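K.L.:
give the three-dimensional model of this entry:
(chains A and B)
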Amino acid sequence: MLTFDDVTVVYKNVSGQAKTAIDGISLRIRPGEFVTIMGANGSGKTTFARLCNGLIFSTSGSVCVDDVAVRPDDPKAILEIRRRVGMVFQNPDHQFVSTTVEREIAFGLENLGMDREVMRTRVAEMLERFDLKSARMKAPHQLSGGQKQRLAIASVLVMRPRYLIFDEPAAVLDMRHRRALMQAMLDLFHHTSTNTPHTLINITQHPEEALFSNRLIILHQGKIVLDGPPEKLLLQEDTLVRFDIRPPVEFSAFIRLKKNKFPLTSVDELFLSPIL
Amino acid sequence: MRITFQDVFYTYNITGPALPSAHIDGVSFSVDSRETIGLVGANGAGKTTLLQLITGLEKPDRGQITVDGADIHGPDYELSALRSRIGLVFQSPEFQLFEPTVSEDIAFGPRNLGWAEERVHRLVSSALQAVGLDAAIFAGKSIYELSEGEKRRVAIAGILAMEPAFMLFDEPTAGLDDSGRQHITAILHGQKAAGKGYIVASHDMELLLETVSRFIVLENGRLLADFPTGEFAQYCEKLPHILEPTRCMRLVSLLRDKGIPIPDTVRTRDALLDFLDDLTPQKK
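P.N.:
Numbers count the residues shown, from 1 in each chain, chains lettered A, B, ... in the order given. You can find the predicted model right below:
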């Protein structure tokens, strides 16, 4: 369980002004949930993500990952939290540190001092699963955009984190790669070979991605303003627009068709597959 | 101004195995600076490279790039003068803001061109207006007080202030929220209304369908198609691996199948929703 209890984060910017990025958030994210987080630029999405794995710390209130509190004064706990909470960033280039794809995937495990045989097996498993076998000796910067994104996910997943946070990884991807990324998330979500289910948090500007998840949280000025099933929240167009979010076009159309008494029972009737 | 590519080739000059993509492989086309063009293709198709070639930031290995007939890499050509006529807005240009205030940052380009302070001042105001930022509020603001969307608009204003005749935008809406996206659309409409053209490289087909009149499609560094926006739907059928109908277009055809007579002129989300708003209520 990921627990936020009355969490506030206040930054001081360069000119010394205080800015509240997260404003008294309390929430629980249970194991096995797939949560989408949306909000305008500056609503606190990235700060929220960074709080979850100890990249930054709350000014007041507490963040806990299972039974471990995220606190700046406990380096051992922070290491443990980073092992449990993996993060895939918007620009994969920013997270690569190694000279080859294979070493990049192994990097985190090496840091844990893992047994070499186990490490080899886990790296091979990731190369296979993310279709990177033929690229394994290439330098990360030589990969295509889609391969880089897969490598970024593989190097996080190889650590077997219980929680996975995607911070707008699809922002610069083309449609085909966005679809592949959502498929990768769904695969993780349904991945049942381990006893502990993955908990996924996808931060995005694309409202239709919320339809893949089972919970949508909307942030506005550092506060949670909506929290519920995506297919219900996305029908609240007037409310969403206030928070700078447009529902997927199918939802907006459904609202208008219903208003004009067009015989429809569910928004599903306006969707063709695939959703994306 | 007319920009022409004649059989242009470009490869990254690196040692070791060649990059899998982002090279340019024999591209020819010609654009007028009043045209509005969408440049599309998968990640790594060569869109960014093509934009950099147009401004002379990269030099072709073979072939020629001319502006009004003059080779931009010819011995007498003043490439620096070209860069003030063609404004390139990089992907995530907000990372390049570096002056302490908004107005200083926008003034940097025109000052660098040696323009008089009075003119620079005027250009800063009109550029802020063009990107929809109120000069009275924003001119003196620190860069650090801006939201992501505002930073991007300031970066675009910095290019507009140099009064380029033609603009190039690389993924201008990537990572922006809805209002940020609408501001970018408005900036493009403003350019178009002022008779200035642009090339927008983007995966955001909704944006392109609203703002461009011609599409250029790249695949693996080659020019695969070049067509007017009116033929977008046909090209989605011809090139399904690269172009696909937007969610809005798919919805339009589904609604037509359900018997709602949506006219051909309805191509964008706003147009569709306006149409549905006014749809006569059906009798039960």
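
K.L.:
excluding sequence neighbours, find me the nearest residue to residue B:200.
P.N.:
residue B:169 (4.6 Å; C-beta to C-beta, 6 or more residues apart in numbering or on different chains). In short, each C-beta sits where N, CA and C put it, glycine included.

K.L.:
buried ones in stretch A:167-182?
P.N.:
Neighbour-count burial for stretch A:167-182, counted by 16 or more other C-beta atoms under 10 Å in any protein chain shown, picks out A:167-175, A:177-178, A:180-182.

K.L.:
then stretch A:45-54?
P.N.:
Buried, per 16+ other C-beta under 10 Å, within stretch A:45-54: A:45, A:46, A:47, A:48, A:49, A:50, A:51, A:52, A:53, A:54.

K.L.:
mind checking the longest helix of chain B?
P.N.:
helix B:178-193 (DSSP state H).

K.L.:
can you confirm the residue nearest to residue B:200 is in a strand?
P.N.:
Yes. Under DSSP: H, G, I helix; E, B strand; the rest coil, residue B:169 sits within a strand.

K.L.:
is it correct that it is in contact with residue B:89?
P.N.:
Yes. With contact defined as C-beta atoms under 8 Å, residue B:169 reaches residue B:89; the gap is 4.8 Å.

K.L.:
just to revisit the earlier point, what packs against the longest helix of chain B?
P.N.:
helix B:117-130, helix B:148-160, strand B:197-201, helix B:205-211 (3 or more C-beta pairs under 8 Å, 6 or more residues apart in numbering or on different chains; DSSP states H and E).

K.L.:
let's see 7 Å
P.N.:
helix B:148-160, strand B:197-201, helix B:205-211 (3 or more C-beta pairs under 7 Å, 6 or more residues apart in numbering or on different chains; DSSP states H and E).

K.L.:
tell me which of those lies nearest to residue A:60.
P.N.:
helix B:148-160 (25.7 Å; C-beta to C-beta).

K.L.:
among the buried residues of stretch A:167-182, give me the pair with the biggest separation.
P.N.:
It's A:167 and A:175 that sit farthest apart of the buried residues of stretch A:167-182, by C-beta to C-beta, at 20.1 Å.

K.L.:
sorry, back to before: need the worst-confidence member of the buried residues of stretch A:167-182.
P.N.:
Lowest pLDDT within the buried residues of stretch A:167-182 is found at residue A:172 (68).

K.L.:
for chain B, which spans come out with low pLDDT?
P.N.:
Residues of chain B meeting the criterion pLDDT under 70: B:13-22, B:282-284.

K.L.:
which residues in it form helices?
P.N.:
B:47-54, B:79-85, B:102-112, B:117-130, B:135-138, B:148-160, B:178-193, B:205-211, B:232-238, B:247-257, B:269-277.

K.L.:
in JSON lines: those, plus mean neighbour count.
P.N.:
Output for these, formatted as JSON lines (neighbours: other C-beta atoms under 10 Å in any protein chain shown):
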{"stretch": "helix B:47-54", "mean neighbour count": "22"}
{"stretch": "helix B:79-85", "mean neighbour count": "15"}
{"stretch": "helix B:102-112", "mean neighbour count": "21"}
{"stretch": "helix B:117-130", "mean neighbour count": "17"}
{"stretch": "helix B:135-138", "mean neighbour count": "14"}
{"stretch": "helix B:148-160", "mean neighbour count": "24"}
{"stretch": "helix B:178-193", "mean neighbour count": "19"}
{"stretch": "helix B:205-211", "mean neighbour count": "21"}
{"stretch": "helix B:232-238", "mean neighbour count": "15"}
{"stretch": "helix B:247-257", "mean neighbour count": "18"}
{"stretch": "helix B:269-277", "mean neighbour count": "18"}
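
K.L.:
among the ones you listed, which is nearest residue B:95?
P.N.:
helix B:148-160 (8.5 Å).

K.L.:
and chain A, which residues reach chain B?
P.N.:
Proximity of chain A to chain B (C-beta under 7 Å from any C-beta of the partner chain) is limited to residues A:13-15, A:40-42, A:90, A:142, A:144-146, A:168, A:171-177, A:205, A:244-246, A:248-250, A:252-253, A:256-257, A:260-263, A:270, A:272.

K.L.:
just the buried residues of those.
P.N.:
Counted by 16+ other C-beta under 10 Å, the residues of chain A next to chain B give A:40-42, A:90, A:142, A:144-146, A:168, A:171-175, A:177, A:205, A:244-246, A:248-250, A:252-253, A:256-257, A:262, A:270 as buried.

K.L.:
spatially nearest residue to whichever residue of the stretch 51-200 of chain A sits closest to chain B (excluding sequence neighbours)?
P.N.:
Across the stretch 51-200 of chain A, the shortest distance to chain B (C-beta to the nearest C-beta) belongs to residue A:145, at 3.2 Å. Nearest non-adjacent residue to residue A:145, counting by C-beta to C-beta, 6+ apart: residue B:43, 3.2 Å away.

K.L.:
could I get the phi/psi values of the one you found?
P.N.:
phi -60, psi 130 (degrees, to the nearest 10).

K.L.:
who are the contact partners of it?
P.N.:
A:144, A:145, A:146, A:173, A:174, A:177 (C-beta atoms under 7 Å, 6 or more residues apart in numbering or on different chains).

K.L.:
look up how far residue B:90 lies from the closest residue to residue B:109 other than its chain neighbours.
P.N.:
In space, and not counting its chain neighbours, residue B:109 is closest to residue B:162: 4.5 Å by C-beta to C-beta, 6+ apart. Residue B:162 is 14 Å from residue B:90, where distance means C-beta to C-beta, to the nearest Å.

K.L.:
and if you look at residue B:29?
P.N.:
As judged by C-beta to C-beta, residue B:29 and residue B:90 stand 22 Å apart.

K.L.:
and what of residue B:248?
P.N.:
According to C-beta to C-beta, residue B:248 and residue B:90 sit 28 Å apart.

K.L.:
what about the helices in the stretch 51-200 of chain A?
P.N.:
In the stretch 51-200 of chain A, helices defined by DSSP state H, counting those that start in this stretch lie at A:75-84, A:101-111, A:116-129, A:145-157, A:175-190, listed in chain order.

K.L.:
out of those, which is the most enclosed?
P.N.:
helix A:145-157 (a mean of 23; mean count of other C-beta atoms under 10 Å in any protein chain shown).

K.L.:
what sits up against it?
P.N.:
Against helix A:145-157 from outside (C-beta under 7 Å, 6+ apart): A:86-88, A:92-93, A:95, A:101, A:104-105, A:107-108, A:126, A:130-132, A:135, A:140, A:143, A:164, A:169, A:173, A:177, A:180-181, A:184, B:43-44.

K.L.:
let's see it at 8 Å
P.N.:
A:86-89, A:92-93, A:95-96, A:101, A:104-105, A:107-108, A:126-127, A:129-132, A:135, A:140, A:143, A:164, A:169, A:172-174, A:176-177, A:180-181, A:184, A:188, B:43-44 (C-beta atoms under 8 Å, 6 or more residues apart in numbering or on different chains).

K.L.:
swap in stretch B:52-61?
P.N.:
Stretch B:52-61 is contacted by residues B:3, B:5, B:8-11, B:24, B:49, B:65, B:72-73, B:79, B:82-83, B:86, B:88, B:168, B:199 when judged by C-beta under 8 Å, 6+ apart.

K.L.:
and stretch A:225-243, by the same measure?
P.N.:
A:27, A:36, A:39-40, A:43, A:207, A:210-211, A:213-220, A:246-248, A:251-252, A:254-255, A:267.

K.L.:
hmm, try it at 6 Å
P.N.:
Residues from elsewhere that reach stretch A:225-243, judged by C-beta atoms under 6 Å, 6 or more residues apart in numbering or on different chains: A:210, A:211, A:216, A:217, A:218, A:220, A:247, A:251, A:252, A:255.

K.L.:
the last one belongs to a helix?
P.N.:
Yes. Membership of residue A:255 in a helix is supported by three-state DSSP.

K.L.:
pull the number of nearby residues for the nearest residue to it once chain neighbours are set aside.
P.N.:
Spatial nearest neighbour of residue A:255, excluding adjacent residues (C-beta to C-beta, 6+ apart): residue A:237 at 5.6 Å. Applying other C-beta atoms under 10 Å in any protein chain shown, we find 17 residues neighbouring residue A:237.

K.L.:
nice, that's everything, thank you.
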